[in-house]
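> Take a look and give me a structure for this.
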Amino acid sequence: MKPVLVVDKIQKYYGNRGNITKAVDNISFSVEHGEFVGVMGPSGSGKTTLLNCISTIDTVTSGHIFINDSDITTLKKGDLSKFRREELGFIFQDFNLLDTLNAYENIALALTIQKVKPDTIDKRIKEVAHKLNILDVLQKYPYQMSGGQKQRVASARALITNPSLILADEPTGALDSKSSRMLLDTMEHLNQEFNATIMMVTHDAFTASYAHRILFIKDGKIFNELHRGNDTRKAFFSRIMEVVTLLGGDISNVL
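Now for the predicted structure:
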């Protein structure tokens, strides 16, 4: 089976000839279908720029990014919007639910834009809602939901288009410990039950321990890589912390 994501020698520079910053410096890797990959690194390491290039929010200076064999670095603006809607899912730390729509309508929005038939939309929403245990909140508005319910609704919205890749940028960054754990449990559920392919940027070792594999970015390059294998999450957390320590002077920015 071909990888879902292939990043091939991408570079992203900012500035002009006299003052060039290499935010991403010749990075290559791939992500297989069903993988849960974390990206860690100190502030300014290039991890968010990398995610922005993969999500088509930003463009690369050189190199190529393939998602299901489509070279997204060559797509035009209109094609990029369509590709983003159909192939990518996003999980945000603040949920980004629309207050004027109920849960059902928030989840349905992407499919409505794609002009999917109402019967198909209804069937898909109820299937996902059942697996995420949110059938009883579909008619509620965001202000009527708990934080955990909002998280699951947002996760259902990310899943509903059957995206090739779900992207999460610091998904627990603004959450308390209880809410963080609930969101991470939901993401783990998406990965295990739906076989969703997830790529998550985080500065937090506990959050990263939920992933199968961690890419450590430093100065725009891949510094190290860890595979969880058969480790428990606790054991994987310990190994992650060992690499964080190897980052030396950057440790205060990573934790």
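
> Which residue ranges of the stretch 51-200 of the chain form helices?
Listed in chain order, the helices found in the stretch 51-200 of the chain under DSSP state H, counting those that start in this stretch are 77-87, 103-113, 118-131, 147-159, 177-193.

> Out of those, the one nearest Glu242 is which?
Glu242 lies closest to helix 177-193 among those, at 21.0 Å (C-beta to C-beta). Glycine gets a C-beta too; all of them are placed from N, C-alpha and C.

> Show me the beta-bridge partners of the spatially most central residue of the chain.
Closest residue to the average C-alpha location of the chain: Leu167 at 1.9 Å, with C-alpha atoms, centre = their mean. Going by DSSP bridges, Leu167 is paired in beta bridges with Phe90, Met199.

> From Asn16, how far off is it?
Per C-beta to C-beta, to the nearest Å, Leu167 is found 30 Å from Asn16.

> for Gln149, same thing?
Applying C-beta to C-beta, the value for Gln149 to Asn16 is 48 Å.

> More neighbours: these two, which one.
More crowded of Gln149 and Asn16, by other C-beta atoms under 10 Å: Gln149, with 19 against 7.

> any idea how far Gln93 is from that one?
Distance, Gln149 to Gln93, by C-beta to C-beta: 16 Å.

> Also Gln11?
Distance of Gln11 to Gln93, computed by C-beta to C-beta: 28 Å.

> Met187 now?
For Met187 relative to Gln93 (C-beta to C-beta), the value is 12 Å.

> So which of the two has more stuff around it?
Taking other C-beta under 10 Å, Met187 and Gln93 do not tie; Met187 has more neighbours (25 against 18).

> these two touch, right, that one and Ser155?
Yes. Counting by C-beta atoms under 8 Å, Ser155 is a contact partner of Met187 at 7.2 Å.

> overlap in contacts of the two?
Ile91 (C-beta atoms under 8 Å, 6 or more residues apart in numbering).

> So Leu226 belongs to a strand, correct?
Yes. The assignment for Leu226 by DSSP: H, G, I helix; E, B strand; the rest coil puts it in a strand.

> burial measure for it, as a count.
20.

> Isn't it up against His212?
No. Applying C-beta under 8 Å, one finds Leu226 not in contact with His212, separated by 9.7 Å.

> Poorly predicted segments of this protein, please.
248-255 (pLDDT under 70).

> any idea how far Phe66 is from Ala205?
Counting by C-beta to C-beta, the gap from Ala205 to Phe66 is 30 Å.

> Show the contacting residues for Asn68.
Asn68 makes contact with 2, 4, 87, 164, according to C-beta under 8 Å, 6+ apart.

> If we use 7 Å, what do you get?
In this structure, Asn68 makes contact with 4, 87, 164, judged by C-beta atoms under 7 Å, 6 or more residues apart in numbering.

> most surrounded residue in the residues you listed?
Scoring the contacts of Asn68 on neighbours with other C-beta under 10 Å, the highest-scoring entry is Val4 at 21 neighbours.

> That one contacts Thr197, doesn't it?
Yes. With contact defined as C-beta atoms under 7 Å, Val4 and Thr197 form a contacting pair (4.9 Å).
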